[in-house]
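J.: model the structure of this input:
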Amino acid sequence: MTQDVAPSVASSHNKRALIVDDSPTACAVLKRMLRNYQINADSVQSAEAALDYLKLEKPDVIFMDHAMPGMNGLDTLKVLKAHPEYATIPVMMYTARTGEVYLSQARAFGAIDVLPKGVEQTVLEEALQRLRLLPHSSEAETPTTVAVATPPVAAQHSAIDSTDMRREIERVFRSELRPAMSHQIHDALDEWRHEATQANRRLADLVAQRIGNTVSEAMKPVLAELDWQRAEQQRQARSAKNRTLATAAAMLLLTGAFAATLWSAFATQNTLIADNLHQQSQQLSNALDGLQAQINGLESSVSANAPTTVSGQTRWLRETDGNVIGAWAGISPHGAELMVVSRTGYRFALDNEGLIATRLPALYFLSPACFGDAYAPVHEGTLVTAAGEQLWYAPIGAERQAVQAYSTLNADGQCLPMQGERMSVRIVQHNDPAITGVKGARFKLDARMALASEFVAQ
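T.: The predicted structure follows:
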């Protein structure tokens, strides 16, 4: 490898690069790769720090990240190209963002190209050749390149650099990346638990409503029978009273002995009526007890069929070829979609045809002509689809922002102007499988998984 980079070393002597990135790991990796070409690199963690640096130094090239605190990479690039002292410095975007749309935006702002993070050595060398910081491969084959190759010392130096770089990456991972990843995972789990609790509450409310409706329907004939019996008893009581009063009035004309006999008969009749009422009330009480037993059985059946959380294991959802889609998080409230969490913590809903079901109605931009960062009213840490099964995601931890939108891209791909309408949205980005853990918007499900009736436990 020393012989491959030796031609570049001679032509890039005393070259200097500026790396603008808030990730110490990304800066360290790119610095060590540039050192193989004897290009010294300085790094800063924000656009503001980069502007302060350029007041004192003028590097030969700038590697610019996109997502940073404060101004993002494209906004910073716009400021640099508007400044006469900085406009001639070539800028290479150094970011995880990909796609033709972002590449067109970067070039429109004045960037030479987009260099992906985790770039291979050969790709970086080609980029440096385009920036005229290294000779082209045809020039590298001149006789002077043969004299440069001195294998033993250079190879030992490269091995030392590789060991140092590995140790530096391990140190940064232990001290910075692992705590940050643990915090993000903890937040994602808390939000998932909160949503699961809300879903269980909604399910309990639905069950209670259905039980109430069932009880109400079951009680209607019982209440109607009770009302009829009460009305009949009152009618019979009034009729008996009227007959008794009429008879008593007639008997007043008879002798006292006959009147006493009549009164005794009247008391006996009232006793029979009271006994009859008591028997009917007992029958009604028994009917109500039977109804309560039916209600208790219905509640037990609903509880037995309610979904439960399986502790101690994760239920993974797989495609027909065995690839893991993500962890099963439940079923949507209306029962038509599977709720899935990817291996990196991003949530999405999957319909019975294997397509991510949550649709993105529109994208909003803070500038005219649908240019710049895109925003949408979605939850953080979720995956959504747009026209043509394009996959977007709201980053985990993305805060909701109050913005003014001046253009919108609708579901048909049309860019429409807006009048600075205020709305509460989150920033969204094109899908990056390295971040979301999901490669595409459609999966191949078998029949059992399409019916959400069987899942594979791992």
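J.: go ahead and report the secondary structure state at residue 280.
T.: Three-state call for residue 280 (DSSP: H, G, I helix; E, B strand; the rest coil): helix.
J.: distance of residue 201 from residue 333?
T.: Per Cβ to Cβ, to the nearest Å, residue 201 is found 11 Å from residue 333. Just so you know, the C-beta spots here come from the backbone N, C-alpha and C atoms, and that holds for glycine as well.
J.: in terms of neighbours, single out the busier of those two.
T.: residue 333 (13 against 10; other Cβ atoms under 10 Å).
J.: is it true that that one touches residue 199?
T.: Yes - assessed by Cβ atoms under 8 Å, residue 333 is found in contact with residue 199 at 6.5 Å.
J.: quick one, helices of the stretch 1-150 of the chain?
T.: 2-11, 24-35, 47-54, 73-82, 100-109, 121-130, 143-148 (DSSP state H, counting those that start in this stretch).
J.: ok, now the stretch 251-400 of the chain?
T.: 256-305.
J.: any low-confidence regions in it?
T.: 251-263, 265-267, 270, 274, 277, 281, 284-285, 287-314, 334-335 (pLDDT under 70).
J.: shaky segments in the stretch 1-150 of the chain?
T.: Using pLDDT under 70, the stretch 1-150 of the chain drops low at 1-13, 135-150.
J.: could you rerun that using 90?
T.: Counting by pLDDT under 90, the stretch 1-150 of the chain shows low-confidence ranges at 1-15, 38, 85, 96-100, 117-123, 127, 129-150.
J.: which residue sits closest to residue 377, ignoring its sequence neighbours?
T.: residue 425 (5.2 Å; Cβ to Cβ, 6 or more residues apart in numbering).
J.: ignore the last one, residue 63
T.: residue 94 (4.0 Å).
J.: which residues touch that neighbour?
T.: By Cβ atoms under 8 Å, 6 or more residues apart in numbering, the contact set of residue 94 is 19, 21, 26, 30, 63-65, 115, 117.
J.: so who does the nearest residue in space to residue 40 that is not next to it in sequence touch?
T.: Nearest residue to residue 40 in three dimensions, chain neighbours excluded: residue 16, at 5.1 Å (Cβ to Cβ, 6+ apart). Contacts here follow Cβ under 8 Å, 6+ apart; on that basis residue 16 touches 39-42, 57, 59-60.
J.: let's see it at 7 Å
T.: By Cβ atoms under 7 Å, 6 or more residues apart in numbering, the contact list for residue 16 reads 40, 59-60.
J.: equivalent analysis for residue 63, please.
T.: 17, 19-20, 30, 92, 94, 115.
J.: check contacts around residue 411.
T.: 361-362, 387.
J.: assign residue 402 to helix, strand or coil.
T.: Residue 402, by the three-state scheme (three-state DSSP), is strand.
J.: please read off the pLDDT at it from the model.
T.: Residue 402 is assigned 94 on the pLDDT scale.
J.: thought it was touching residue 422?
T.: Yes - counting by Cβ atoms under 7 Å, residue 402 does reach residue 422; the two are 6.4 Å apart.
J.: mind listing the shared neighbours of the two?
T.: The contact sets of residue 402 and residue 422 do not overlap (Cβ under 7 Å, 6+ apart).
J.: show the pLDDT at residue 159.
T.: 49.
J.: okay, and residue 166 sits in which element?
T.: Assigned by DSSP states H and E, residue 166 falls within helix 151-172.
J.: and residue 90, how far from residue 40?
T.: 16 Å.
J.: how close does residue 384 sit to residue 226?
T.: Distance from residue 384 to residue 226, by Cβ to Cβ: 55 Å.
J.: neighbour count winner among these two?
T.: Between residue 384 and residue 226, counting by other Cβ under 10 Å, residue 384 is the more crowded of the two (23 against 16).
J.: ok, the more buried one touching residue 374?
T.: No - using Cβ under 7 Å as the test, residue 384 is too far from residue 374 to be in contact (11.6 Å).
J.: among the contacts of residue 411, name the ones in strands.
T.: residue 362 (DSSP state E).
J.: just the buried members of the contacts of residue 411?
T.: residue 362 (16 or more other Cβ atoms under 10 Å).
J.: got the contacts of residue 411 as CSV, with distance to residue 317 columns?
T.: Formatted as CSV, the contacts of residue 411 follow (distance: Cβ to Cβ, whole Å):
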residue, distance to residue 317
361, 26
362, 29
387, 26
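J.: direction included, what does the longest strand along the chain pair up with?
T.: Using DSSP E, we find that the single longest strand of the chain is strand 415-430. The strands that strand 415-430 pairs with in its sheet are strand 374-376 (antiparallel), strand 391-393 (antiparallel), strand 401-410 (antiparallel) (by DSSP bridges).
J.: tell me the buried residues in that strand?
T.: Those would be 425-429, for strand 415-430 by 16+ other Cβ under 10 Å.
J.: list the contacts of the spatially most central residue of the chain.
T.: The centre of the chain sits closest to residue 382, judged by Cα atoms, centre = their mean, with a distance of 2.1 Å. By Cβ under 7 Å, 6+ apart, residue 382 lies in contact with 346-348, 358, 393-394.
J.: strands - which of these land there?
T.: 347-348, 393.
J.: of those, which is the nearest to residue 109?
T.: Taking Cβ to Cβ as the measure, residue 109 lies nearest residue 393 of the ones in strands among the contacts of residue 382, at 23.7 Å.
J.: any chance of the ones in strands among the contacts of residue 382 in JSON lines with distance to residue 163 and neighbour count as columns?
T.: As requested, the ones in strands among the contacts of residue 382 are arranged in JSON lines below (distance: Cβ to Cβ, whole Å; neighbours: other Cβ atoms under 10 Å):
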{"residue": "347", "distance to residue 163": "40", "neighbour count": "23"}
{"residue": "348", "distance to residue 163": "41", "neighbour count": "26"}
{"residue": "393", "distance to residue 163": "36", "neighbour count": "24"}
